[in-house]
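S.K.: fold the following, please.
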Amino acid sequence: MTNERDQLRHAVTRQPADFIAWVMLADAELGMGDIGAGEAAALRALQLRPEHPEALARLGRARWMQGRHDAAANLLQRACQLAPQHPGMAVWLAHVLEDAHQPEAAADAYRRAHALAPGEAYMAAQRLNWQRRLCDWRDLDALSQQVRHAVAQGNPAVEPFAFLSEEASAGEQLACARQRANVVVHSVPRLPPARVRHHGPLRIGFLSNGFGAHPTGLLTVALFEQLRAHPQLQVHLFALNGDDGSALRARLHAAASALHDVSGQAHARIAQHIRETGIDLLFDLRGWGGGGTPEVLAMRPAPLQLNWLAYPGTSGAPWIDHVLADAFVLPPALEPAFSEQVLRLPRAFQPSDNTRQLEAPPTRSACGLPEQGVVFCCFNNSYKLNPRSMHRLLQVLRGVPGSVLWLLSGPGQADQRLREVARQQQVDPQRLVFMAKLPHPQYLARYQLADLFLDTHPYNAHTTASDALWAGCPVLTTPGQTFAARVAGSLNHHLGLDEMNMADDASFVARAIALGNDPGDLQALRTRLRQARNDRDLFDMQGFAADFSAMAQQLAGRHGWRGIDAG
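M.R.: Below is the predicted model:
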């Protein structure tokens, strides 16, 4: 990509009226994360050919990357009007409409793109992913089969994060991630090799777009605060997101040796900054999730690079050396499906903020809940509420008279669609109660009104499971055969509550119904959870920091690091 970009820069210098070269340069610059240069190239193309759809589309993409979603939507809608048979523009428009909070219009654009190119796996995968978010299950099986077939055929068009929601094996997930990684690794240059320092404190870097009021910030902040007591480590946070003004951002800034705001910077500049900081171990806290920058990691800014926490699967990437896990979430049987060498902590791999205080909950009626009856909850994102998961949740409702299911409200018409599914499965739609997204303290307090968290499959509750357990709400789950399907099970296991890890859907439904119809048993379970929260190590961040520090030092020691006092 860099060589191509340099060639295009030279081409437009040599022939400044070459419209196609300017459009291609805009693509190349935006692909390398250089938004300003990409915008400038798109504007120059529009000067040469005003209202040309290709130039409008590139400027729309630049506006999207700048976070100017309404302007981006206007530009891409105009481009699509001028080029109605162009599936790529329809997909870009759909992306922008997502971020402009027009979810149903985004779905229409994805469907239009797929209709224009029905054989293209990328179009199918984008449509499938967004329909899952909207709980729109039209053509779901056919779309999923097309996407899985594309992965099996070696097509790199499928995004690994979205693929985690499919009923695919760990081996299929590896193939998907590896195919995407192969595209990225050939598009960026590598920095010269670096080595772990031989002495002095280890410089540990963390790269994420979640350093703020975000699940990643929530999970890591107390750990980073505890790591300040370990002088062998210097913690450097590289924030792909700007300062959101949140209390979490302030805590993260105070906890780290340094917080580097690299938001909006070109990939090469971020990688060079990490290199200049002298990072020894770099943890990728985003992976293939949205807002991540695999291109930065592919440049190899640090001598050792690790996949941890935010992406629950293998990176499939040659630039990631290790994955950090635990023995439950990533047992030896799963290792062949991981491209990384596996490092395991002696506790659950997922930290949490154990400094949180629970606010007093609102009344049940204020939350739209009935005054009596069992409250089952599942505050997972809407894309995890697939037909299989909803079927078993509705079976539980049928088996526990007077109970309700409390869900997080989804985008667009997702809530109405789920109520229609309930009606079709002979459950009163009003027994589904939806909670709007709330600030974290208010959301956390509401778990005190829920009796039991019912998990999804194959993509478990992760941060939501940790939240529920911290707030005293037990989690029922069915650990599967992939990392993403074993996280909630790992949390239960490390609390000593393996009884809440069920073997299959039938036992899941039976256990939930039994608990729902036995208030005494349910109360006893909640009492055991409260005790386990205090006695077990799941929420012990001082102990987690000690284990994490020991792991980092042992890994660095294998690569020549001799300690803080070595000279």
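
S.K.: where does this protein have low pLDDT?
M.R.: 1-2, 566-567 (pLDDT under 70).

S.K.: mind jotting down where the strands sit in it?
M.R.: All strands of the chain, identified by DSSP state E, fall at 202-208, 233-239, 258-261, 281-284, 304-307, 322-325, 341-344, 375-378, 404-408, 432-435, 452-454, 475-476.

S.K.: give me the helices and strands touching the first one, please.
M.R.: Yep, that's strand 202-208 we're talking about. Helices and strands touching strand 202-208, by 3 or more CB pairs under 8 Å, 6 or more residues apart in numbering; DSSP states H and E, are strand 233-239, helix 267-277, strand 281-284, helix 541-557. Where C-beta positions appear, they are placed from N, C-alpha and C, glycine not excepted.

S.K.: and the strands of the chain: which comes nearest Pro50?
M.R.: For Pro50, the closest of those is strand 258-261, at 36.6 Å, according to CB to CB.

S.K.: partners of the closest one in the sheet?
M.R.: Neighbouring strands of strand 258-261 in its sheet, by DSSP bridges, are strand 233-239 (parallel).

S.K.: what angle separates the partner strand from helix 267-277?
M.R.: 160 degrees (axes from the mean of the first three to the mean of the last three CA atoms, to 10 degrees).

S.K.: show me the domain layout of this protein.
M.R.: When the chain is parsed with automatic domain parsing, its domains come out as 2-185, 202-354+543-557, 365-538.

S.K.: Ile564: which of those domains is closest?
M.R.: domain 202-354+543-557 (5.1 Å).

S.K.: now find how far off-centre that closest one is within its chain.
M.R.: 14 Å (CA atoms, centre = their mean, to the nearest Å).

S.K.: now the end-to-end length of that domain.
M.R.: By CA to CA, to the nearest Å, the extent of domain 202-354+543-557 from end to end equals 10 Å.

S.K.: mind checking how far Leu223 is from Ala28?
M.R.: Distance from Leu223 to Ala28, counting by CB to CB, to the nearest Å: 39 Å.

S.K.: what of Leu207?
M.R.: Separation of Leu207 from Ala28 (CB to CB): 23 Å.

S.K.: higher neighbour count, the two?
M.R.: Each of Leu207 and Ala28 has its neighbours counted (other CB atoms under 10 Å); Leu207 has more, 29 against 23.

S.K.: leaving out chain neighbours, which residue sits closest to the more buried one?
M.R.: Excluding the flanking residues, the one nearest Leu207 by CB to CB, 6 or more residues apart in numbering is Phe238, at 4.6 Å.

S.K.: tell me what the one you found is bridged to.
M.R.: Going by DSSP bridges, Phe238 forms beta bridges with Leu207, His260.

S.K.: please shift the residue numbers so they start at 776 in all later answers.
M.R.: Understood, numbering begins at 776; the last thing we discussed is Phe1013.

S.K.: would you confirm that it contacts Ile1045?
M.R.: Yes: in terms of CB atoms under 8 Å, Phe1013 counts as a neighbour of Ile1045; the distance is 7.0 Å.

S.K.: now for the two: what residues contact both?
M.R.: Common neighbours of Phe1013 and Ile1045 (criterion: CB atoms under 8 Å, 6 or more residues apart in numbering): 982, 1037.

S.K.: tell me which of the two has more neighbours.
M.R.: Ranked by neighbour count (other CB under 10 Å), Phe1013 and Ile1045 place Phe1013 first, with 29 against 24.

S.K.: what residues are up against the more buried one?
M.R.: Counting by CB under 8 Å, 6+ apart, Phe1013 has contacts 980-983, 1035, 1037, 1045, 1048-1049.

S.K.: repeat for Arg1337
M.R.: Shown in contact with Arg1337 (CB under 8 Å, 6+ apart): 973-974.

S.K.: angles on the backbone of it, please.
M.R.: Main-chain dihedrals, Arg1337, degrees, to the nearest 10: phi -110, psi 0.

S.K.: how close does it get to Ala1331?
M.R.: Distance of Arg1337 to Ala1331, computed by CB to CB: 9 Å.

S.K.: quick one, what contacts the closest residue to Asp809 other than its chain neighbours?
M.R.: Counting by CB to CB, 6+ apart, the nearest residue to Asp809 once its immediate chain neighbours are dropped is Ala1041, at 4.1 Å. Ala1041 is in contact with 807-810, 812, counting by CB under 8 Å, 6+ apart.

S.K.: looking at the helices and strands packed on strand 977-983, which is buried most?
M.R.: strand 1056-1059 (a mean of 27; mean count of other CB atoms under 10 Å).

S.K.: list the helices and strands that strand packs on?
M.R.: Using 3+ CB pairs under 8 Å, 6+ apart, strand 1056-1059 sits against strand 977-983, strand 1079-1082, helix 1316-1332.

S.K.: what residues does that strand touch?
M.R.: Residues contacting strand 1056-1059 (CB under 8 Å, 6+ apart): 971, 977-982, 1049, 1067, 1072, 1076-1077, 1079-1086, 1090, 1095, 1099, 1327, 1330-1331.
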